[in-house]
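Q: just the structure for this:
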Amino acid sequence: MKAKTEEVFDDYPEFASVLGAIRNLACSATCREGGGKQACLIRDCARDRSHEGCWELLAPRKEFHGETIEKNLETIENLGPDNWSGKRCRHYPWS
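A: Next comes the predicted model:
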């Protein structure tokens, strides 16, 4: 009821539609089982190494690099692939 009086909720139907679309992005199967985007090089790498999916390739690196992977991906998203390198996080814990 309160949502009807709050302007911020005017776009709720669009928000709900986006959430539904995100839910439908899930792969029907793991990379190894043929799921994922057909032209994904990471998918091919995961399959070649008998991994279920890309998360198994990233997990060991995350243990070593900590939050660096996520922070660098966020920087790439914000600045673009051509502009992020000067702002990247430390690659190794001791650097």
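Q: any buried residues in stretch 77-85, and which?
A: Applying a neighbour-count criterion of 16 or more other Cβ atoms under 10 Å, one finds Trp84 buried in stretch 77-85. Using the backbone N, CA and C atoms, a C-beta is placed for each residue, glycine as well.
Q: list the buried ones in the strand or helix carrying Ala16?
A: Assigned by DSSP states H and E, Ala16 belongs to helix 12-23. Residues of helix 12-23 classed as buried: none (neighbour count, 16+ other Cβ under 10 Å).
Q: show the average pLDDT along whichever helix or strand comes after it.
A: Proceeding C-terminally, helix 12-23 gives way to helix 41-48 as the next helix or strand, assigned by DSSP H and E. On average, the pLDDT along helix 41-48 is 83.
Q: restrict helix 41-48 to CA atoms and write it as PDB.
A: Written as PDB, here are the backbone C-alpha positions of helix 41-48 (Å, rounded to 0.1, in the frame of the first residue of the first chain):
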ATOM      1  CA  LEU A  41      36.900 -19.300 -24.500                       C
ATOM      2  CA  ILE A  42      36.800 -19.700 -20.700                       C
ATOM      3  CA  ARG A  43      34.100 -22.400 -21.100                       C
ATOM      4  CA  ASP A  44      36.400 -24.200 -23.600                       C
ATOM      5  CA  CYS A  45      39.300 -24.000 -21.100                       C
ATOM      6  CA  ALA A  46      37.100 -25.300 -18.300                       C
ATOM      7  CA  ARG A  47      35.900 -28.200 -20.400                       C
ATOM      8  CA  ASP A  48      39.400 -29.000 -21.600                       C
END
